[in-house]
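Enquirer: Structure for the following, please:
(one chain, ligands or ions: 2)
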Amino acid sequence: MLRFDHVSLSYGSQTILNNLSFEIQEGQFAVLIGPSGCGKTTTLKMINRLIQPNSGHIYLNDQDISAVDRVELRRHTGYVIQQIGLFPNMTVAQNICVVPKLLKWPKEKCDQVVHDLLEMVNMPFDQYAHKYPSEMSGGQQQRIGILRALAASPPVVLMDEPFSALDPMTRRSLQIEVKNLQQKLNKTIIFVTHDMEEALDLADVIIFMDHGNIVQMAPPEEMLENPATDQIRDFLGKHHAGPSPEQLTVDHFMRTGIITVNQNRGVNECVSRMQHHNVDTLLVVDEYRHYQGTVSIADIRLTGHVVKTIGPLVRNSTPTVHRGDNAKECFDQLVSSGFPYLVVLNDDQTVAGIITKTSMASAMAEQLWG
Ligand SMILES: Nc1ncnc2c1ncn2[C@@H]1O[C@H](COP(=O)(O)OP(=O)(O)O)[C@@H](O)[C@H]1O
Ligand SMILES: [Mg+2]
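Expert: Ligands and ions are numbered 1, 2, ... in the order given. This is a model prediction of the structure:
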């Protein structure tokens, strides 16, 4: 799809890009990352011929771009930069359609594109199409900037630190949106950032540059597992230490070695076990050790004198989750359930452990501070 073939550039005696060769497949989200001044922006600008290499070739769909008319090339490459610069005197709809208009698309087709793109980012057409940039937040303007880059359906979209001026919340939501758009539209995106977190979240493949060289090109998981140099390891920083939040499962946070009691056991035995372990509920299992529910000291006090075994007192209202479930979702469930703990089950319905707010908090502290 996009191929750099021994591309070099120098300004005077200074080497800016040193013999870059790499290939990006169609539909891939490629992220260029590296320290300031390493040549990210320069590399990006070569793809739409804002800068020409001294030597080497760049191929877009097997066509050498030096043979393509520059204006034509730029109309077919979306470009988003940090300061998006919407035209202040044009509406959202007009801004989005700048390139389609240059390409002389009929009005109905332009309108349809504006409509579809706005819908895709949950900005209803009726509400936003006729607004002016000054009537919107910075995040909304940047969103429109991205739609503008996508409007003429270019095969490649170049993005140079498009979110670096935004607050973290807006930045996060735009990252998710761009990734969604890319997947829905199957776009090839070359995205520049100096933020490793952003790179790890978005990239199918990360290209790490330093002093005009490619130091490592690898999918995020591979780079995390096997950083090629100490510099990359430093960039990966805390990410390298362990799994990303999305990968954390309830297993990381659960307390194990939980006391259980068989449902056929007597009330007295159950009470003495609670006293011995200083707990006010116990997890109840059947003879196959399958989880049945919980029994509480309060229920035993209330009705314990009329039953022989704890079986009739077992409640199964405590929420259960399974090993491997996403940690954050389980934590949300724990908080919203109002229960003091959730029971974590193995696949065979035996008890693996419990998670409490305290076990979550201490495990989280360990993740953060080691
Ligand atoms: N017009 C120019 N003349 C001379 N040097 C330049 C010019 N533009 C960029 N550079 C140098 O090229 C290197 C790469 O710049 P750039 O691609 O903007 O880096 P990045 O985007 O990774 O921060 C830097 O050392 C920069 O100083
Ligand atoms: Mg730059």
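Enquirer: Point out where the stretch 151-300 of the chain drops to low pLDDT.
Expert: Low-confidence segments of the stretch 151-300 of the chain, defined by pLDDT under 70: 238-245.
Enquirer: So which bits of it are right by ligand 1?
Expert: Residues of the stretch 151-300 of the chain lying near ligand 1 by CB under 6 Å from any ligand atom: none. Every residue, glycine included, has its C-beta placed from N, CA and C.
Enquirer: residue boundaries of the strands in the stretch 151-300 of the chain?
Expert: Under the criterion DSSP state E, counting those that start in this stretch, the stretch 151-300 of the chain contains strands at 156-160, 188-193, 205-210, 213-218, 260-262, 281-285, 291-296.
Enquirer: Out of those strands, which gets nearest to Glu246?
Expert: Glu246 sits nearest to strand 205-210 of all the strands of the stretch 151-300 of the chain, at 16.6 Å, using CB to CB.
Enquirer: List the neighbouring strands of the closest one plus their orientation.
Expert: For strand 205-210, the paired strands and their directions (DSSP bridges) read strand 29-33 (parallel), strand 213-218 (antiparallel).
Enquirer: what angle separates that strand from strand 188-193?
Expert: 40 degrees (axes from the mean of the first three to the mean of the last three CA atoms, to 10 degrees).
Enquirer: If I look at the closest residue to Ile58 other than its chain neighbours, what pLDDT would I see?
Expert: Counting by CB to CB, 6 or more residues apart in numbering, Ile58 lies nearest to Ile65, which is 5.0 Å off, once chain neighbours are set aside. Ile65 carries a pLDDT value of 94.
Enquirer: Look up how far ligand 1 lies from Ile65.
Expert: Remark: distance between Ile65 and ligand 1 (CB to the nearest ligand atom, to the nearest Å) = 18 Å.
Enquirer: would a markdown table of the strands paired with strand 205-210 with mean neighbour count be doable?
Expert: Shown next, in a markdown table, are those (neighbours: other CB atoms under 10 Å):
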| stretch | mean neighbour count |
| --- | --- |
| strand 29-33 | 24 |
| strand 213-218 | 18 |
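Enquirer: With adjacent residues omitted, what lies nearest to Pro162?
Expert: Val80 (4.5 Å).
Enquirer: which SS class is the one you found?
Expert: Put simply, Val80 is strand when judged by DSSP: H, G, I helix; E, B strand; the rest coil.
Enquirer: bridging residues for it?
Expert: Beta-bridge partners, per DSSP bridges, of Val80: Met159.
Enquirer: Quick check: it vs ligand 1, distance?
Expert: Val80 sits 14 Å away from ligand 1, going by CB to the nearest ligand atom.
Enquirer: which residues does that residue contact?
Expert: Gly145, Ile146, Ala149, Val157, Leu158, Met159, Asp160, Pro162 (CB atoms under 8 Å, 6 or more residues apart in numbering).
Enquirer: from the residues you listed, which single one is nearest ligand 1?
Expert: Asp160 (7.4 Å; CB to the nearest ligand atom).
Enquirer: so the closest one sits right up against Val192, yeah?
Expert: Yes. Between Asp160 and Val192 there is a contact under CB atoms under 8 Å: 4.6 Å.
Enquirer: Looking at the two, which one has more neighbours?
Expert: Val192 (24 against 19; other CB atoms under 10 Å).
Enquirer: now that one, which residues is it bridged with?
Expert: Leu32, Asp160.
Enquirer: Quick check: it vs Gln82, distance?
Expert: 10 Å (CB to CB, to the nearest Å).
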